[in-house]
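Trainee: Test case, fold it:
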Amino acid sequence: TEAALRKWLSEVRGILVTDRGSQFGFWAMDRRQICWAHLVRKFAAYEARGGDAGRVGTLLLLWSGMVLHYWHEVRAGTLTRAKFQTAVVPLRAVIERLLEQGTALSGIGGSCRDILDHRAALWGFVDKLGIDPTNNHAERELRGFVLWRKLTFGSRSERGTRFAANLKSVVHTCRKQRRHVFDYLTRAIQASLRNRRAPSLLAAA
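Mentor: Numbering: from 1, shown residues only. As a prediction, the model looks like this:
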């Protein structure tokens, strides 16, 4: 929910890469980047409709694919950022014009209007350093937990859900830092038994 996100993100600084969910509406547009992986999936849904909506979807997929192709070249070091920004200027104009056309079409009009309402958060990865156009990395990080929930049907209680989330966070963080999970959990339990603060997950011992 938005209230939970507000609390969770209260200390966060920088650019937030998200989908267009209304729960992120409190976050300033100039500090957001709309995930282009989500947009591409939406454009594919337009294409599947056929007719005029399908034509717009096909063209949006084509031009957005070119933008992301250039981005991958920048990340690979085969295209300079200056050339990337120059190349995206006409592509940006075409994509926004297609979205404007889509606002008048049945079935995709509302979605196109919503994307344009997020216009200020569409192109941050082009204009600013250090911004990724997708949140695919974050989704990959969460994939293990999502699969666990699907395979086990999750927990039946709030306490169980909280325990699972915390334990998954500990395990994943330790593994990324190449720390021994069992060693960390042992020290955390010992600290709790002695009424001491648990060892930090943010810095390797």
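
Trainee: now this structure, which segments are flagged as low pLDDT?
Mentor: Along the chain, the parts satisfying pLDDT under 70 run over 1-29, 135-150, 154, 203-205.

Trainee: ranges for the strands of the chain?
Mentor: If you assign secondary structure with DSSP state E, the strands in the chain sit at 16-18, 32-34.

Trainee: Show me what the last one is packed up against.
Mentor: Packed against strand 32-34 by the contact rule (3 or more C-beta pairs under 8 Å, 6 or more residues apart in numbering; DSSP states H and E) you find strand 16-18, helix 124-127. Quick note: C-beta positions are derived from backbone N, CA and C, even for glycine.

Trainee: Who does that strand pair with, and is each partner parallel or antiparallel?
Mentor: Take DSSP bridges as the rule and strand 32-34 pairs in its sheet with strand 16-18 (parallel).

Trainee: Roughly how far does Tyr173 sit from Leu202?
Mentor: You called it Tyr, but residue 173 is Thr. Distance from Thr173 to Leu202, counting by C-beta to C-beta, to the nearest Å: 8 Å.

Trainee: what about these two, which has more around it?
Mentor: Ranked by neighbour count (other C-beta atoms under 10 Å), Thr173 and Leu202 place Thr173 first, with 14 against 7.

Trainee: Show me what the longest helix seen in the chain is packed against.
Mentor: In the chain, with assignment by DSSP state H, the single longest helix is helix 51-76. Applying 3+ C-beta pairs under 8 Å, 6+ apart, one finds that helix 51-76 makes contact with helix 36-49, helix 81-102.

Trainee: Quick check: closest non-adjacent residue to Ala37.
Mentor: Thr134 (4.1 Å; C-beta to C-beta, 6 or more residues apart in numbering).

Trainee: you'd agree that neighbour is up against Arg41?
Mentor: No - counting by C-beta atoms under 8 Å, Thr134 stays clear of Arg41, with 10.8 Å between them.

Trainee: quick one: which of these two has more around it?
Mentor: Shown here are Thr134 and Arg41; by other C-beta under 10 Å, Thr134 has more neighbours (19 against 11).

Trainee: so who does the more buried one touch?
Mentor: Thr134 makes contacts with 17, 35-38, as judged by C-beta atoms under 8 Å, 6 or more residues apart in numbering.
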